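Asks: Here is my input; please provide its structure:
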Amino acid sequence: MAGQPDSCPSTGLLGDTPHKSYVTKLDLFNRFAEPELRSVIADLGVLPVDHLLDAGCGTGLITTWLAEQVPQGLVLGLDLASGHLRHARQRLVRSSLPLNFFQADLLRLPLSLGQFDLIWSSNALNHLHNPVAGLRSLRRLLRSGGRLVLGQSAFLPDMFFAWDARLEQAVTLACRRYYRDKYGLAEQDTSAVRNLFGWLQRAGFHEVQARTILIERTPPLTPPDEHYFIEGVFKGYWGHRVQPYLSAADWDTLTALCDPGSPDFCLRRPDFHHLQTFTVVSGRVD
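Replies: Sure, this is the predicted structure:
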């Protein structure tokens, strides 16, 4: 998530500060969804000489994919977290791509960054208390005719247990309750991001469009798929966080389904079928 520089206190909806990072979770998801994300990026229609901004660049993996599209242009990645940027800058050592990384505040972006033909921001706006203000801040950095493209996961609930919709719903609700309790949020705080389409309109963008792609996985799973499910979801996202919000029976069932050492491990089931959504909303400035 892009945000305030080191000297500022946190204003993030999810407790974000310059010192809080999601390095592992970000890389796990991006590697998992790489085929779909690369396809979205390839469809952006940028020119080889364009200047792009990745707002909330995380560890910079998507930023490098953007840079591959503009070999004679420039890509800048901005993020709040120092930890994210340390990993992102390591990519510069191994790359000859036209990119660089900066720490910056999404709500107070300096105009000295220049003007961009396209701004990309993925899974970042949901971290802001005032996302429309963040969109207006980004709007000021676009050239006339420039575009802002937002990507956001999970407007619809993910499907993990195709054979047990009730358990799947219970786990989803438990996870939401955990995060609401952790950060003192209301339901509206965690679901408001579904209005990206409306936020872009309120922020003064034109030709606002939206499309949603499915990220779908069935056996056989690739190593990045399995790694994402085990480390990113079963351990990193669910884990013991959801236990207080589930019945004892549901917790025992979930534990067996998510344990690679269990005979009931869900990823080894021939009927394992995963679905999740990734929504892309874009708008243009005059």
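Asks: What pairs with whichever strand or helix holds Asp54, parallel or antiparallel?
Replies: Take DSSP states H and E as the rule and Asp54 turns out to sit in strand 51-55. The strands beside strand 51-55 in its sheet (DSSP bridges) come out as strand 74-79 (parallel), strand 116-122 (parallel).
Asks: Could I get the full set of helices for the stretch 1-150 of the chain?
Replies: Ranges of helices in the stretch 1-150 of the chain, per DSSP state H, counting those that start in this stretch, are 23-32, 34-42, 61-68, 82-93, 131-139.
Asks: mind checking which of the ones you listed is nearest Tyr237?
Replies: Of all the helices of the stretch 1-150 of the chain, it is helix 23-32 that lies closest to Tyr237, at 7.7 Å by CB to CB. Where you see a C-beta, it was placed from the backbone N, CA and C, and this is true even at glycine.
Asks: Show the average pLDDT along the closest one.
Replies: The predicted model assigns helix 23-32 a mean pLDDT of 88.
Asks: Please save the CA atoms from stretch 134-145 in CSV.
Replies: Extracted C-alpha coordinates of stretch 134-145, given in CSV (Å, rounded to 0.1, in the frame of the first residue of the first chain):
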residue,chain,number,x,y,z
GLY,A,134,-6.4,9.1,-2.8
LEU,A,135,-7.9,8.9,-6.3
ARG,A,136,-8.0,12.6,-6.6
SER,A,137,-4.3,12.7,-5.6
LEU,A,138,-3.5,10.2,-8.3
ARG,A,139,-5.6,12.1,-10.8
ARG,A,140,-3.3,15.1,-10.5
LEU,A,141,-0.4,13.1,-11.8
LEU,A,142,-2.0,12.0,-15.0
ARG,A,143,-1.4,13.7,-18.3
SER,A,144,-4.4,14.9,-20.3
GLY,A,145,-6.0,11.7,-21.6
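Asks: Could you check how far it is from the centre of its chain?
Replies: Averaging C-alpha positions (CA atoms, centre = their mean, to the nearest Å) puts stretch 134-145 20 Å from its chain's average.
Asks: For stretch 244-263, buried residues please.
Replies: 245-246, 250-251, 253-255, 257-258 (16 or more other CB atoms under 10 Å).
Asks: of all those residues, which comes closest to Lys235?
Replies: Nearest member of these to Lys235, counting by CB to CB, is Cys258, at 8.0 Å.
Asks: Save the buried residues of stretch 244-263 as JSON lines, and put in distance to Arg143 and secondary structure too.
Replies: Putting those into JSON lines (distance: CB to CB, whole Å; DSSP: H, G, I helix; E, B strand; the rest coil) gives the following:
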{"residue": "Tyr245", "distance to Arg143": "47", "secondary structure": "helix"}
{"residue": "Leu246", "distance to Arg143": "50", "secondary structure": "coil"}
{"residue": "Asp250", "distance to Arg143": "52", "secondary structure": "helix"}
{"residue": "Trp251", "distance to Arg143": "53", "secondary structure": "helix"}
{"residue": "Thr253", "distance to Arg143": "54", "secondary structure": "helix"}
{"residue": "Leu254", "distance to Arg143": "49", "secondary structure": "helix"}
{"residue": "Thr255", "distance to Arg143": "53", "secondary structure": "helix"}
{"residue": "Leu257", "distance to Arg143": "50", "secondary structure": "helix"}
{"residue": "Cys258", "distance to Arg143": "47", "secondary structure": "helix"}
